[in-house]
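Enquirer: For reference, the sequence and a predicted model appear below.
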Amino acid sequence: MRLKVLICGFLLHIMLPSASYAVSQPTATSNSLSAAAPSFDYDQALATSQAALGTQVGDYRFNDTDGEVLTLGQLRGKPLVLSMVYTSCYQICPMTTRHLSKIVQKARAALGDDNFAVAVVGFDTAVDTPDAMRFFGAKQGISDQGWKLLSSDPQTIKALSQDLGFLYYPSSNGFDHLIQATVIDAEGRVYRQVYGQVFDTPLLVDPLIELVIGRKAAEQPLLANLVSKIKLFCTTYDPVRDGYYFDYSLFLGMLIGATIILFAGTVVVRGWPRN
């Protein structure tokens, strides 16, 4: 009996080290993957994203969910909110897109439906086909919201990612990337980056308001354009109900101030000595 115990102990002593080594070592495939792709670094990704502010985004070509060609140039003339996702993501990208949808609805309530555009681009070019983007949009409830769901070739996605400062790396779970929505101005320049799966409403809506107020007047009557600008200028965020409303007190303050200035100017002109 003692001899059997000694033999078993000897065999375990030989086998255990080799078993631990086999589990701890990566396979040839994962080893080559890690050598080919750098690991994700949050600080580097954030710095790259911020460095893209002011960058002119190229006029790249994409396919929409109908297979039609769409260029970013066709979306210019008004601000654009652009989010990059990969459709095989089962948690983060869907959650981010659904939250973005809620904020976009609040922005449209404050700015109007046609004052800015929204686009979602699939960056996993091997998977994110027009059909995959259509399915993703339907699953996240954004198919009927006027969003552009776009896909393209690897070269285009790489160039767009560089313009946006968007870094992503393959990982065992799919891709590691910074969660960001990019606000692009009417001329196609990166204006603001918004980060996180869930973010505060003003982080996205306020820069859109700034861009819409500062945008060149469209082909509409001067009075209508002036009223629209005043309305946006007096639009205020209410954190209690997490929404925007027209603040009449600001409008009245502006009206009273203008009246005082006009009255003072009239008095000065009338009292000015005449030759």
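Expert: That came through, no problem.

Enquirer: for the stretch 151-275 of the chain, what spans make up the helices?
Expert: All helices of the stretch 151-275 of the chain, identified by DSSP state H, counting those that start in this stretch, fall at 154-164, 201-214, 222-233, 248-271.

Enquirer: Compare the mean pLDDT across these and name the weakest.
Expert: Mean pLDDT per stretch puts helix 222-233 lowest among those, at a mean of 53.

Enquirer: what stretches of the stretch 1-150 of the chain score poorly on pLDDT?
Expert: 1-37 (pLDDT under 70).

Enquirer: For it, which segments count as strands?
Expert: 61-63, 69-71, 80-85, 117-122, 148-150 (DSSP state E, counting those that start in this stretch).

Enquirer: List the strands paired with the third one, with their directions.
Expert: Put plainly, it is strand 80-85. strand 117-122 (parallel), strand 180-184 (antiparallel) (DSSP bridges).

Enquirer: export those to TSV and tack on mean neighbour count?
Expert: Every C-beta, even on glycine, is put in place using the N, C-alpha and C of the backbone. As requested, these are exported to TSV (neighbours: other CB atoms under 10 Å):
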stretch	mean neighbour count
strand 117-122	23
strand 180-184	24
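
Enquirer: Can I get those in CSV including distance to residue 88?
Expert: Listed next are the strands paired with strand 80-85 as CSV, based on distance: least, CB to CB, whole Å:
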stretch, distance to residue 88
strand 117-122, 9
strand 180-184, 19
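
Enquirer: which one of the ones you listed lies closest to residue 268?
Expert: Nearest to residue 268, of all the strands paired with strand 80-85, is strand 180-184, at 44.2 Å by CB to CB.

Enquirer: Helix 201-214 and the closest one, what's the angle between them?
Expert: Interaxial angle of strand 180-184 relative to helix 201-214 (axes from the mean of the first three to the mean of the last three CA atoms, to 10 degrees): 10 degrees.

Enquirer: so which of the strands of the stretch 1-150 of the chain comes closest to residue 205?
Expert: strand 80-85 (10.1 Å).

Enquirer: and the closest one with helix 154-164, angle?
Expert: 120 degrees.

Enquirer: Contacts made by strand 80-85 with the rest, please.
Expert: 72, 93, 96-97, 100, 104, 116-123, 136, 160-161, 164, 166, 168, 177, 180-184, 204, 208 (CB atoms under 8 Å, 6 or more residues apart in numbering).

Enquirer: For residue 159, give its distance to residue 205.
Expert: 29 Å (CB to CB, to the nearest Å).

Enquirer: These two: which is more packed in?
Expert: residue 205 (25 against 14; other CB atoms under 10 Å).
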